[in-house]
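J.: need a 3D model of the following:
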Amino acid sequence: MAFEIINPDMFGARPSGWNHGMLGETGGRVLFVAGQIVPVGNFVAQWDGALGRVMEVVRSAGGKPENVGRMVCYITDRPAYLANLTPLGEVHRRHMGRHYPAMAVVEVKSLMDSKALVEIEAVAIL
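T.: All right, here's what the predicted structure looks like:
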């Protein structure tokens, strides 16, 4: 499964670390990955664990990073996210290589597990 990357010219410069849209091939099966958390460790460790769990679900369904078209990342601490962009980029590349899906990062008051700082969900087309 290959995605056509959609970054409209009218939006200006190409985004870094994500894309505006990912168009999947006709006939692909859609995999919805539930929000994943690993409520242990600091912000980067939790991001690493949550993304690792997302990718394990994708691999268990027969997919690979390039099959992920969209991710939503829920965080409880925007300053921690912004302060850790470099290590978060390293975590991303370790799990997903240079594949950058459409992505949203949403700051929330809290997550269902009170120790969780990060929750990541995804949609993949296999």
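J.: now do the helices in the protein.
T.: Along the chain, the stretches classed as helices by DSSP state H are 43-60, 78-83, 85-96.
J.: mind listing what's buried in the second one?
T.: In terms of neighbour count (16 or more other C-beta atoms under 10 Å), helix 78-83 has its buried residues at 80, 81. Placement of C-beta: from N, CA and C, glycine included.
J.: what does it rub up against?
T.: 43, 75, 88, 105, 107, 117 (C-beta atoms under 8 Å, 6 or more residues apart in numbering).
J.: rewinding a little: deepest of the helices of the chain, which one?
T.: helix 43-60 (a mean of 19; mean count of other C-beta atoms under 10 Å).
J.: can you check the pLDDT for residue 79?
T.: Residue 79 is assigned 98 on the pLDDT scale.
J.: dump the residue contacts of residue 87.
T.: Contacts of residue 87 by C-beta under 8 Å, 6+ apart are residue 44.
J.: so how far is residue 46 from it?
T.: Remark: distance between residue 87 and residue 46 (C-beta to C-beta, to the nearest Å) = 12 Å.
J.: could you pull out the strands in the chain for me?
T.: Ranges of strands within the chain are 4-6, 21-23, 30-36, 68-75, 102-107, 118-125, based on DSSP state E.
J.: determine which stretch of those strands is the most buried.
T.: Highest mean neighbour count among the strands of the chain (mean count of other C-beta under 10 Å): strand 118-125, a mean of 23.
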